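Chemist: okay, sequence plus prediction incoming.
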Amino acid sequence: AQTVTQSQPEMSVQEAETVTLSCTYDTSESDYYLFWYKQPPSRQMILVIRQEAYKQQNATENRFSVNFQKAAKSFSLKISDSQLGDAAMYFCAYRLGSARQLTFGSGTQLTVLP
Amino acid sequence: EPEVTQTPSHQVTQMGQEVILRCVPISNHLYFYWYRQILGQKVEFLVSFYNNEISEKSEIFDDQFSVERPDGSNFTLKIRSTKLEDSAMYFCASSEVSRGSNQPQHFGDGTRLSIL
């Protein structure tokens, strides 16, 4: 079974600084997708960024980027120029290419300090 | 931007009662999902639904649970004979069809279910 591990239950960052959230996963498959979702206090799960395992290039979405290390099975999220609105619970998630279900990590609560 | 909407936002039910959680997926999406998050725990997959049938389900999704697309817009999760341990946040999600491509799942705000 696939597992996703987020080893940092809580992180904090100063506004305008950069923070990196860690995620590792365990799979024997080669075809899969990885995602970061954000869950602010409003509760809605919002897709932040996604990465296809077959792509070597790291995904980037504005201030959000990932460091995808396939051999190490690591998928960290970097948030640059952190803003107060980035404060949320961040979930790393995995999906097997042939399936639909998402497997989530336990989440990292990010606090942005003014 | 289109959204997945869920009602109610909070449902309180007596143990042993049946509850129906409702979701309106994004209109052009054809894959639908239910997840749950027990307080302080991970988000867990329950079931996926496509073409009017279940396509995947987890071990959690036993005979107590059922899903239905009663009309062209709603997608429901029914929990029969609720138990205290069913208390959780239930998230509905939807995605486009393209199997094998990286279509993300879009989530609703969730329904907090409290079993008394």
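Modeler: Happy to help now that I have it.
Chemist: please, which helix or strand holds the spatially most central residue of chain A?
Modeler: The structure's chain A has its C-alpha centroid closest to residue A:36; by Cα atoms, centre = their mean the separation is 3.3 Å. Residue A:36 belongs to strand A:32-39 when assigned by DSSP states H and E.
Chemist: so what secondary structure elements neighbour that strand?
Modeler: The helices and strands touching strand A:32-39, judged by 3 or more Cβ pairs under 8 Å, 6 or more residues apart in numbering or on different chains; DSSP states H and E, are strand A:46-52, strand A:64-69, strand A:74-79, strand A:88-96. Bear in mind the C-beta positions are built from the backbone N, C-alpha and C, glycine included.
Chemist: so of those strands, which one's packed in deepest?
Modeler: Of all the helices and strands packed on strand A:32-39, strand A:88-96 has the most neighbours on average by mean count of other Cβ atoms under 10 Å in any protein chain shown, namely a mean of 23.
Chemist: other residues contacting that one?
Modeler: Contacting residues not belonging to strand A:88-96 are listed as A:2, A:4, A:6, A:21, A:23, A:25, A:27, A:29, A:31-41, A:45, A:48, A:75, A:77, A:101-105, A:107-110, B:43 [Cβ atoms under 8 Å, 6 or more residues apart in numbering or on different chains].
Chemist: please list only the buried members of those residues.
Modeler: A:4, A:6, A:21, A:23, A:25, A:27, A:32-39, A:45, A:48, A:75, A:77, A:101-105, A:107-108, A:110, B:43 (16 or more other Cβ atoms under 10 Å in any protein chain shown).
Chemist: so where's the chain shaky on pLDDT?
Modeler: Defaulting to chain A. For chain A, applying pLDDT under 70 flags the ranges A:1.
Chemist: was after chain B, sorry
Modeler: B:98-102.
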